[in-house]
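In: Fold the following, please.
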Amino acid sequence: MDLGASRRGVDMGPYAVRYTDLRERLERMGHEVDDLGNVAVPFREDAERGAQRGARYLGAITSVCRDVANLTRAALELGRFPILLGGDHSLAAGSVAGAAAYHAARNERIGVIWIDAHADLNTPGSSKSGNVHGMPLAHLLGHGDTALATAGGIRPAVKPNNVALVGLRDADDAEREHIGKWKIRALTMRAIDERGVRSVMEEAIAVASDGTAAIWVSFDLDALTPEAAPGVGTAVPGGMTYREAHLAMEMLADTKRVIGIDLVEVNPVLDKFNRTAGIGTDLLLSAMGKQIV
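Out: Coordinates of the predicted model:
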């Protein structure tokens, strides 16, 4: 899906990641893998009918997110570990919501670690661009459009005290206001520079684990520096290095608490020799338990 972004190309991201032999490499690690294929997404010309002011293609995106939420919940009910390949980050309004609904039915809640250069905390009322990929986390917290905020059937899907933003380095005025108003833990690139990835991830894991049954990880590859990952939807200078991102994923694997992962915003149109998709696969493998020795 690329309906949430103004720049085209991330709809080809899942194919690019599959092309790196993700399935085969997971199987070599001992995992049993089912690839359910792509979730159906309407063409932009058809999605235009669901457009509304302040949020482009919102109706179509909400419909896709409901499907993603149902598929995610169904996978968890089968005891599986969902990996969602993007596509733009708006799909997380479905995946996280589906995981949250699965646990809510068991009187449990989940924490979220959102690894991203951006906060994704705008609403249709605050967004200047109208791009929904800048809004999923706000909707998971229960704000914004009612239909998208209830894509998984519960509202809010997650509590702000169980959300940690990691690698943030590009937030607009509205998002900064929302971070303060909603009391979200924002662990910026300055925190990583000053304290290192280990300390930052320990704090993020503690936030997402506080009173929760599990952790969902939503990883936007623009969290990395553009030199490491050039093929992303919205590149921002000064991100995490390749090795810092690996350490973050290795630490998450060590917790044994992660129940699902989004890997989003791979844009093959802007990539070099499919390098970013390959890095995305490497990071997923680390999150799934691959070790150096």
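In: neighbouring contacts of the lengthiest helix in the chain?
Out: Using DSSP state H to define each element, the chain has its longest helix at helix 58-77. Helix 58-77 is touched from outside by 1, 3-4, 36, 39-42, 46-47, 49-52, 81-82, 84, 90-91, 93-95, 97-99, 101-102, 124, 132, 145, 147-148, 151-153, 259-260, with contacts defined as Cβ atoms under 8 Å, 6 or more residues apart in numbering. Where C-beta positions appear, they are placed from N, C-alpha and C, glycine not excepted.
In: Can you flag which of the residues you listed belong to strands?
Out: Leu84, Ile259, Gly260 (DSSP state E).
In: Let's have the residues you listed in TSV, adding distance to Val200.
Out: Shown next, in TSV, are the ones in strands among the contacts of helix 58-77 (distance: Cβ to Cβ, whole Å):
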residue	distance to Val200
Leu84	24
Ile259	21
Gly260	21
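In: If we only consider the residues you listed, which is nearest to Asn162?
Out: Ile259 (13.6 Å; Cβ to Cβ).
In: still on that earlier bit, return the member of the ones in strands among the contacts of helix 58-77 nearest to Gly211.
Out: Relative to Gly211, and with distances defined as Cβ to Cβ, the nearest of the ones in strands among the contacts of helix 58-77 is Ile259, at 15.7 Å.
In: check contacts around that closest one.
Out: For Ile259, the contact set (Cβ under 8 Å, 6+ apart) comprises Leu76, Phe81, Pro82, Ala99, Ile110, Ala214, Ile215, Trp216.
In: picking that back up, so which of the contacts of helix 58-77 belong to helices?
Out: Per DSSP H, the subset of the contacts of helix 58-77 in helices is Asp46, Ala47, Ala93, Gly94, Ser95, Ala97, Gly98, Ala99, Ala101, Tyr102, Ala147, Leu148.
In: Quick one: buried ones out of those?
Out: Neighbour-count burial (16 or more other Cβ atoms under 10 Å) applied to the ones in helices among the contacts of helix 58-77 gives Ala47, Ala93, Gly94, Ser95, Ala97, Gly98, Ala99, Ala101, Tyr102, Leu148.
In: Report the two of the residues you listed separated the most.
Out: Farthest apart among those by Cβ to Cβ are Ala47 and Tyr102. That separation is 27.7 Å.
In: rewinding a little: for the contacts of Ile259, pick the one with the most neighbours.
Out: Trp216 (30 neighbours; other Cβ atoms under 10 Å).
In: and that one, that one's in a helix?
Out: No: Trp216 is assigned strand when assessed by DSSP: H, G, I helix; E, B strand; the rest coil, not a helix.
In: Would you confirm that it contacts Val258?
Out: Yes: with contact defined as Cβ atoms under 8 Å, Trp216 counts as touching Val258 (7.4 Å).
In: Could you tell me the phi and psi values at Leu168?
Out: phi -60, psi 130 (degrees, to the nearest 10).
In: what about the stretch 101-250 of the chain, any weak spots by pLDDT?
Out: For the stretch 101-250 of the chain, no stretch is flagged by pLDDT under 70.
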